[in-house]
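Q: Structural data only, the sequence is not supplied:
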């Protein structure tokens, strides 16, 4: 049973949280109304997680309490706040919180916030355990051992050295270690050994040394120490621990760690933003329902229904974007032959309703080098085209007589290049570095979810492709996309 501590100065809110959490099977190990009281009691209560109100009726706010707790009793924090401004979020992010709970909240909000926080805690625990295992491997994986003179002349080598080099004693004994081992960087290895000879670091020295054997590079951790720990005796123990697999593992661990940090960062913003963007249309619908109940005029009621329909559509589009984002993250690539003309035509027809009665020119040209076809993931490619075409239509320039979008496609043996060029509103230069960020909107003209271009970039990354943007306000925008051509072998 997970133990929860509540820091909340509103008695009613504290009681609501307590009842809901206990009903969900959590143990409430204490609560405080002030920051000072929380700092005294939380270390003794030893909770697994703290629900912390940001705005406390006290000298200390929740963020300051969390900062002080980090030095005396590090514990995961989920913030409670009635504020939905990004300034508060940025201040809170300094303490690396595990989630946010926006007031007013429901049982469902509490359950989701706690579930996400506990998932993040579990991920962090796995990461710490992996680092511990990795360090243990480095300490116990001793492979090669040499006894040498101060100048690096070898007079003993372990059996594994002979096996690795496929050598005899005549090849190794009385030879210099720099000449015997095929170092990728002999100068680096020599510098280490001769610094010991000069008495600079005779006690010990550690370094990673790469050795190339039969076309393959191996990584070793080298330790060099005085033979009898007596500086007057110029004999050395040179120990090489094979860390080739660990180096690869470390790279993979760092890659996964970067991915986890990205997920955690996105999750913070995702939870915060989705809670607002999901609740806003629902609140609007509820308000319109209440108003329509009081309205007797059928014409006015129909207007209310249209507004409700608009809010529902907005909510549905947002949920569709979230589903698309989730599918891209969790679904493997499905490679097949793609009919580019069909994808572009279907995408435009799908979004033609956005044009309305106004004129919009959509054209494309497809160049296939040596009649090469494109093999890729048709679902992801269709979604990418959907976003490019819908954006060109939604952000067309009404001042221009003929709004247009031209798509230039070039396909060769290695890749396909798509260039989406429109003459729409364009994007102000200061917005360009951020257009692919989650929930970023460069304009308020169309209240989209802010996920469209983020999803496009993530899908292109999944396809191992690239995307770039050129744009000038008032002139238009060019998106250039490259994706690999996964031709069947």
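A: It's in. Remember, predicted model here, so these are calculated numbers, not experimental data. Numbers count the residues shown, from 1 in each chain.
Q: Mind jotting down where the strands sit in the stretch 301-450 of the chain?
A: Taking DSSP state E, counting those that start in this stretch as the criterion, the stretch 301-450 of the chain carries its strands at 335-338, 361-368, 374-377, 404-411, 415-422.
Q: Flag the shaky bits of the stretch 351-489 of the chain, pLDDT-wise.
A: For the stretch 351-489 of the chain, applying pLDDT under 70 flags the ranges 354-358, 439-450.
Q: What residues sit buried inside the helix or strand harbouring residue 127?
A: Using DSSP states H and E, residue 127 sits in helix 107-140. For helix 107-140, a neighbour-count test (16 or more other CB atoms under 10 Å) marks 109, 110, 112, 113, 114, 116, 117, 118, 120 as buried. Using the backbone N, CA and C atoms, a C-beta is placed for each residue, glycine as well.
Q: hang on, the earlier thing: identify whichever of the strands of the stretch 301-450 of the chain lies nearest to residue 189.
A: strand 415-422 (41.6 Å; CB to CB).
Q: other SSEs contacting the next helix or strand after that closest one?
A: Heading C-terminal from strand 415-422, the first helix or strand you meet, by DSSP H and E, is helix 452-462. When contacts are defined as 3 or more CB pairs under 8 Å, 6 or more residues apart in numbering; DSSP states H and E, helix 452-462 packs onto helix 298-330, helix 378-394, strand 466-472.
Q: Buried ones in helix 452-462, by neighbour count?
A: Buried, per 16+ other CB under 10 Å, within helix 452-462: 452, 453, 454, 455, 456, 457, 458, 459, 460, 462.
Q: again with stretch 464-475
A: Result for stretch 464-475 [16+ other CB under 10 Å]: buried residues 465, 467, 469, 471.
Q: Give me the distance between it and the centre of its chain.
A: Stretch 464-475 has its C-alpha centroid displaced from the chain centroid by 22 Å (CA atoms, centre = their mean, to the nearest Å).
Q: Stretch 377-386 now?
A: Counting by CA atoms, centre = their mean, stretch 377-386 comes out at 22 Å from the chain centroid.
Q: what do you get for stretch 369-379?
A: 29 Å.
Q: same deal with stretch 30-38?
A: 34 Å.
Q: buried ones in that stretch?
A: 30, 31, 32, 33, 34, 35, 37, 38.
Q: In strands, which of the residues you listed fall?
A: 30, 31, 32 (DSSP state E).
Q: was I right about the second one contacting residue 4?
A: No - with contact defined as CB atoms under 8 Å, residue 31 and residue 4 do not form a contacting pair (9.3 Å).
Q: picking that back up, and the two most separated of the buried residues of stretch 30-38?
A: 30 and 35 (14.2 Å).
Q: now the buried residues of helix 107-140 as TSV including pLDDT and distance to residue 53?
A: Formatted as TSV, the buried residues of helix 107-140 follow (pLDDT from 0 to 100; distance: CB to CB, whole Å):
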residue	pLDDT	distance to residue 53
109	87	15
110	88	14
112	89	18
113	88	13
114	89	16
116	89	18
117	88	15
118	88	20
120	88	20
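Q: Include distance to residue 300 when you put the residues you listed into CSV, please.
A: Shown next, in CSV, are these (distance: CB to CB, whole Å):
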residue, distance to residue 300
109, 33
110, 38
112, 37
113, 39
114, 43
116, 42
117, 45
118, 48
120, 48
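Q: Quick check: of the residues you listed, which lies closest to residue 255?
A: residue 120 (18.9 Å).
Q: my guess is that closest one meets residue 99, correct?
A: Yes - using CB under 8 Å, residue 120 is in contact with residue 99, at 7.4 Å.
Q: Report the residue spans of the stretch 1-150 of the chain with pLDDT below the cut-off.
A: Looking at the stretch 1-150 of the chain by pLDDT under 70, you get 131-143.
Q: Try it again at 50.
A: 134-135, 137-141 (pLDDT under 50).
Q: And the helices in it, which stretches?
A: With helices called from DSSP state H, counting those that start in this stretch, the stretch 1-150 of the chain shows them at 11-23, 35-45, 62-72, 86-93, 107-140.
Q: Please name every helix or strand in contact with the first one.
A: Put plainly, it is helix 11-23. Checking 3+ CB pairs under 8 Å, 6+ apart, helix 11-23 ends up next to strand 3-7, strand 27-32, helix 107-140.
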